[in-house]
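Visitor: Attaching a predicted model along with its sequence, questions to come.
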Amino acid sequence: MNCFRMLLSAVLLSGSLFIAELLYAYDQPSVNLGFTSYLDGGPPAGPGFYFTQYLQYYTASQFNDEEGHEIPFPGPSVDVLVGLSQFIYQSDQPVLLGGKWGLDVIIPVVNIDADYGAPGPFPADNGGGIGDVLVGPFIQWDPVMGAKGPLFMHRIELQMILPSGKYDSDRELNPGSNFFSFNPYWSGTLFITPRLTTSVRLHYLWNAENSDPNRAFIGADDTQAGQAVHGNFALGYEMVPNRFRVGLNGYYLKQISDTKVDGDDVEDRKEQVLGLGPGAVYHHSKNQHVFMNIFAETLSENRTEGTRITLRYVHHF
């Protein structure tokens, strides 16, 4: 899953001897895959304080290799429950071309459960704990208005993923990544009509070195996950004015450079995944909103392939 860092080693048996070879890759940290969707280009109620609570459940029974083929592990099952508590302050003070500054802080709590249908060794989970905290200063521009309402709104955020989460180099599946990541993004919402909208969030991901590599990197002093791009996208239609919106949503991640081990590139470890599905948002009032999104994954390479369900509650004070 992308809400935690996975590193997978293939296991070969010769008599009673287990020989682990570093063949498959699950190197990327947890990033925003499916947490945000509709009307993502701006806050729903203007400047002020916002609290958002996310709950995401991910389940997978398939591990894929670098060509997208399923790895024949015996009855694998990975279940992940993620809770994100997000605190946002949106100011009313312009700082750049009319854009107004703000600050975003996200604190994750993660629980990972990995099981198999036969004795291992297989990738082991590190249970539950605090994940890597995200901090991002941002600039939000006011909506571009038309005769019938908003036409376009957008923002940029310089998001950072801090290595503060629970991590054990003797476990492959950890709530934390044990390295710093820079994950800036641009997000925009276009009002095709007053009731039909499309939203896109585009991230670039750069990862620093991990000085305490996972146990599968036998003898390595450090590792560095490759750079990646990822994003969320959504198309929504307002069925009930100012109350209820439904549509389609998705996410995509593509690693664009090789992972490094002790400074050397390692081929065939680039990750990819595409998630698609339906979603909806209920606007209880201008200050309270509930989102629900479902995603089925496909085209996975060097990752698990499963199903993701996201619930999100937004409150403006």
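Guide: Looks like it arrived, so ask away. The model shown is predicted, which means the values in this text are computed figures rather than measured ones.

Visitor: Going by neighbour count, which residues of the lengthiest strand in the chain are buried?
Guide: Longest strand in the chain by number of residues (criterion: DSSP state E): strand 77-96. Going by neighbour count (16 or more other Cβ atoms under 10 Å), the buried part of strand 77-96 is V78, D79, V80, L81, V82, L84, Q86, I88, Q90. Bear in mind the C-beta positions are built from the backbone N, C-alpha and C, glycine included.

Visitor: Could you do stretch 209-226 as well?
Guide: By neighbour count on 16+ other Cβ under 10 Å, the buried set for stretch 209-226 is 209-210, 213-217, 220, 222-226.

Visitor: got a list of contacts for it?
Guide: 7-9, 20, 22, 27-29, 167, 169-170, 172, 177-179, 207-208, 255-263, 269-270 (Cβ atoms under 8 Å, 6 or more residues apart in numbering).

Visitor: Kindly report the same for stretch 95-109.
Guide: 3, 30, 47, 82-94, 128-142, 155, 157, 159, 165, 175.

Visitor: hmm, back to that, would you format the buried residues of strand 77-96 as a markdown table with pLDDT and distance to H203 included?
Guide: Formatted as a markdown table, those follow (pLDDT from 0 to 100; distance: Cβ to Cβ, whole Å):
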| residue | pLDDT | distance to H203 |
| --- | --- | --- |
| V78 | 95 | 23 |
| D79 | 97 | 25 |
| V80 | 97 | 20 |
| L81 | 97 | 23 |
| V82 | 97 | 17 |
| L84 | 98 | 16 |
| Q86 | 98 | 16 |
| I88 | 98 | 17 |
| Q90 | 97 | 20 |
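
Visitor: which one among those residues gets closest to H69?
Guide: V78 (17.7 Å; Cβ to Cβ).

Visitor: if we can go back for a sec, continuing past the longest strand of the chain, what's the next helix or strand?
Guide: strand 99-115 (DSSP states H and E).

Visitor: Neighbours of Y167, how many?
Guide: 21 (other Cβ atoms under 10 Å).

Visitor: circling back: would you list the buried entries among the contacts of stretch 209-226?
Guide: Neighbour counting over the contacts of stretch 209-226 (16+ other Cβ under 10 Å) leaves 7-9, 22, 27-29, 167, 169, 172, 177-179, 207-208, 255, 258-261, 269-270 as the buried ones.

Visitor: List the ones among the residues you listed that fall in strands.
Guide: Using DSSP E, N207, Q255, T259, K260, V261 are the members of the buried ones among the contacts of stretch 209-226 that sit in strands.

Visitor: among these, which two are most distant?
Guide: Going by Cβ to Cβ, the pair spanning those furthest: Q255 and V261, at 14.9 Å.

Visitor: buried stuff in stretch 63-78?
Guide: So for stretch 63-78, counting by 16+ other Cβ under 10 Å, buried means F63, N64, D65, E66, F73, P76, V78.

Visitor: right, and the second one touches T298 too?
Guide: No: counting by Cβ atoms under 8 Å, T298 is not a contact partner of N64; they are 10.2 Å apart.

Visitor: which neighbours do those two share?
Guide: E305.

Visitor: what ranges of the stretch 1-150 of the chain fall below the confidence cut-off?
Guide: Applying pLDDT under 70 to the stretch 1-150 of the chain picks out residues 1-25.

Visitor: circling back: most widely separated two among the buried residues of stretch 209-226?
Guide: Going by Cβ to Cβ, the pair spanning the buried residues of stretch 209-226 furthest: R215 and G226, at 20.2 Å.

Visitor: Of the buried residues of stretch 209-226, just say which sits nearest to A280.
Guide: A225 (33.9 Å).

Visitor: Do you know the pLDDT at the closest one?
Guide: For A225, the model assigns a pLDDT of 96.

Visitor: and it, how far is that from T259?
Guide: As judged by Cβ to Cβ, to the nearest Å, A225 and T259 stand 5 Å apart.

Visitor: Identify the contacts common to the two.
Guide: D27.

Visitor: picking up where we left off before, make JSON lines out of the buried residues of stretch 209-226 and add secondary structure and distance to T52.
Guide: Formatted as JSON lines, those follow (DSSP: H, G, I helix; E, B strand; the rest coil; distance: Cβ to Cβ, whole Å):
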{"residue": "E209", "secondary structure": "coil", "distance to T52": "31"}
{"residue": "N210", "secondary structure": "strand", "distance to T52": "29"}
{"residue": "P213", "secondary structure": "coil", "distance to T52": "34"}
{"residue": "N214", "secondary structure": "coil", "distance to T52": "31"}
{"residue": "R215", "secondary structure": "coil", "distance to T52": "36"}
{"residue": "A216", "secondary structure": "coil", "distance to T52": "35"}
{"residue": "F217", "secondary structure": "coil", "distance to T52": "36"}
{"residue": "A220", "secondary structure": "coil", "distance to T52": "38"}
{"residue": "D222", "secondary structure": "coil", "distance to T52": "35"}
{"residue": "T223", "secondary structure": "strand", "distance to T52": "32"}
{"residue": "Q224", "secondary structure": "strand", "distance to T52": "31"}
{"residue": "A225", "secondary structure": "coil", "distance to T52": "27"}
{"residue": "G226", "secondary structure": "coil", "distance to T52": "30"}
